[in-house]
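> Quick check, what structure comes out for this input:
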Amino acid sequence: MHQWQALLTSVAALAAFVGSAHGQDTRQPRLETNQTYVEEVRRPAALAIADPMAVLAFVFAALPDRVMVYPSLCPGNFRGP
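Residues are numbered from 1 along each chain as shown. This is a model prediction of the structure:
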């Protein structure tokens, strides 16, 4: 009987913890599958990829008005002194 009490107490404590953690942030993470990615990149597009200015115009048009730009740490993109 003691084992069942310990198990039920643990389950109740876990349920209380999960319930309180869930109440803190109600936003759900976004799920992106490989299937969605593959379907999107295989979709026919009318973008003229041979024209760099057309690609740049597309990128800027797709971005919101304000963006956060993170630095790239790729060695090929950085030339030190």
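> From Val59, how far out is Ser72?
Distance, Ser72 to Val59, using CB to CB, to the nearest Å: 16 Å. (C-beta placed from N, C-alpha, C; glycine too.)
> same question for stretch 45-53, mean pLDDT?
Per-residue pLDDT over stretch 45-53 has a mean of 87.
> Need the contact partners of that stretch.
With contacts defined as CB atoms under 8 Å, 6 or more residues apart in numbering, stretch 45-53 is touched by Ala54, Val55, Phe58.
> buried stuff in it?
Neighbour counts over stretch 45-53 (16 or more other CB atoms under 10 Å) mark no residue as buried.
> Can you give me the end-to-end span of that stretch?
16 Å (CA to CA, to the nearest Å).
> re earlier: could you export the contacts of stretch 45-53 to CSV, including columns for neighbour count, distance to Glu32 and secondary structure?
Shown next, in CSV, are those (neighbours: other CB atoms under 10 Å; distance: CB to CB, whole Å; DSSP: H, G, I helix; E, B strand; the rest coil):
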residue, neighbour count, distance to Glu32, secondary structure
Ala54, 12, 27, helix
Val55, 13, 23, helix
Phe58, 15, 21, helix
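> and of the residues you listed, the nearest to Thr33?
Phe58 (24.2 Å; CB to CB).
> Relative to Leu56, how far out is the residue nearest to that closest one when sequence neighbours are not counted?
Leaving aside its sequence neighbours, Phe58 sits nearest to Leu47 (CB to CB, 6 or more residues apart in numbering; 5.7 Å). Distance, Leu47 to Leu56, by CB to CB: 11 Å.
> How about Ala62?
From Ala62 to Leu56 the distance is 11 Å (CB to CB).
> ok, these two, which is more surrounded?
Leu56 (10 against 7; other CB atoms under 10 Å).
> where does the more buried one land on pLDDT?
Leu56 carries a pLDDT value of 92.
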